[in-house]
Every structure is written in structure tokens, then in C-alpha cells.
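Participant: predicted model follows, preceded by the sequence.
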Amino acid sequence: MARYTGPKSKIARKFKDPIFGPDKALDRKPYPPGQHGNGRRRRKESEYGIQLQEKQKAKYTYGILEKQFRNTFKKASKKKGITGEILLQLIEARLDNVVYRLGISPTRRGARQLVSHRHIIVNGNVVNIPSYELRSGDVVGIREKSKSLEAITDSLTGRTDRYSWLEWDDEKLEGKFLNFPTREEIPENIREQLIVELYSK
């Protein structure tokens, strides 16, 4: 399966949640897409179906494919603590997600592209692996010759979100990954316990 590159609104309507940000299409049509729209009678979803949908929602939200997602879950399940919370913490620590959270890119898809095209540095070294896992104290910056890129400057000009587990320096145009966020600090509307139950079967 390749990474999804189709209409974002269709996915948001499928999950009835603006997982890619504010969406006017979802406001106008708050029901799943399809030929018969809201008129189609839908059967009650099974427990498995609800769990599967939550996993798919998380994968689409963070832009992760099944193999990577499953491997991240296995890693989370081996650590001490609440598996679902650790799963989200590990995903939040991915380089592409942190680039997005810092406001260097307005979308995760864009952040992944910046990383892949070698515009991002970690602790002074170029890292082009979007799934690279950051550790507490790691500094994420922009390559010197990439700081004038219009996509980056526009995104940084409009950045508003501040996250307690990240620190941003406007002068150096770099941010620090302070620590893994707690579940309460992660704004995504994901019921991670359903994902744990799905993989535990």
C-alpha cells in the first residue's frame, strides 16, 4: 500500500473528524463520502470495526503506513507504562511530526517532504529520515541554505501553536525537543486504547 495522496476532505468525512485541520467540506457534509451520501442506511459497526477505524484514523492523522505503525506499537508494548499513551508519545517524537509541531511546515505531509529533501538538521547534522526518533534535548533546525525557502518562511510567519514539550528559538530558527509529551498535552482526538485492544487480539 502506498501513502495516501488523495483528497483530505474525503478522509476527514470518513472519520467524521477534521484530522487534517479545519475543513469546510466536513462542515457542509458531516457524513461519510459515497454515492448515496447521508441517505444510505448503515449497519451497526462491530467492535472490531470500531477498533480498526480508530487505528486507520491514527495512521492517516500522522501519515504512517501499517508496517511502521505496527513496529511502533511493538516497541511501545515492550516499555513500562500505559501502552496506548507510549504509542502516541513515540509517534509524537518522530522527526516529521516535530518539524510540523514546531511550525516549520503547516502540514505533516509537508514536514515529511522537508525532511526527505534534506532541509532539516538534528544536532547540527542533516537527517533525511522522517521516522527518526528524537530524544530529550535534541535540537531540530533548518539547514542554512534552506532558511530562505518560501514554504518555510511562510509557515514560520504564521506559526501560532506552542507546545510545552518543545522550545523554539526565533533568532536561530531552531527548536528543542524537551521531553515526551503527556497524553493530556497531545491534542489529537484518538482513542488509543481501541488500537491497543485491536493489536492485542
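Facilitator: Yep, that arrived.
Participant: Tyr199: what's it in contact with?
Facilitator: Residues near Tyr199 by C-beta atoms under 8 Å, 6 or more residues apart in numbering: Lys55, Arg70, Phe73, Ser77. Quick note: C-beta positions are derived from backbone N, CA and C, even for glycine.
Participant: ignore what I typed, I meant Lys172.
Facilitator: Gly141.
Participant: host element of it?
Facilitator: Assigned by DSSP states H and E, Lys172 belongs to no helix or strand.
Participant: by neighbours, which of the contacts of Tyr199 wins?
Facilitator: Each of the contacts of Tyr199 was scored for neighbours by other C-beta atoms under 10 Å, and Phe73 scores highest at 23 neighbours.
Participant: quick check: that residue vs Thr157, distance?
Facilitator: Relative to Thr157, Phe73 is positioned 37 Å away (C-beta to C-beta, to the nearest Å).
Participant: so who does the residue nearest in space to the middle of the chain touch?
Facilitator: Closest to where the C-alpha atoms of the chain average out (C-alpha atoms, centre = their mean) is Tyr62, at 2.7 Å. Residues near Tyr62 by C-beta under 8 Å, 6+ apart: Ile91, Arg94, Asn97, Arg108.
Participant: switch those over to TSV; also include secondary structure and pLDDT.
Facilitator: Converted to TSV, those look like this (DSSP: H, G, I helix; E, B strand; the rest coil; pLDDT from 0 to 100):
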residue	secondary structure	pLDDT
Ile91	helix	97
Arg94	strand	97
Asn97	helix	96
Arg108	helix	92
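Participant: how about residues contacting the host helix or strand of Arg112?
Facilitator: Taking DSSP H and E as the definition, one finds Arg112 inside helix 108-116. Around helix 108-116, the neighbours that count as contacts under C-beta under 8 Å, 6+ apart are 62-63, 95-97, 99-100, 104-105, 120, 127-130, 132, 146, 151-152, 155.
Participant: so what strands line up beside whichever helix or strand comes after it?
Facilitator: Downstream of helix 108-116, the next assigned helix or strand under DSSP H and E is strand 120-122. Strand 120-122 pairs in its sheet with strand 125-126 (antiparallel), strand 139-142 (antiparallel), by DSSP bridges.
Participant: can you list these in CSV and add mean pLDDT?
Facilitator: Shown next, in CSV, are the strands paired with strand 120-122 (pLDDT from 0 to 100):
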stretch, mean pLDDT
strand 125-126, 97
strand 139-142, 98
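Participant: isn't Arg135 right next to Leu178, touching?
Facilitator: No - if you go by C-beta atoms under 8 Å, Arg135 and Leu178 don't touch, sitting 10.7 Å apart.
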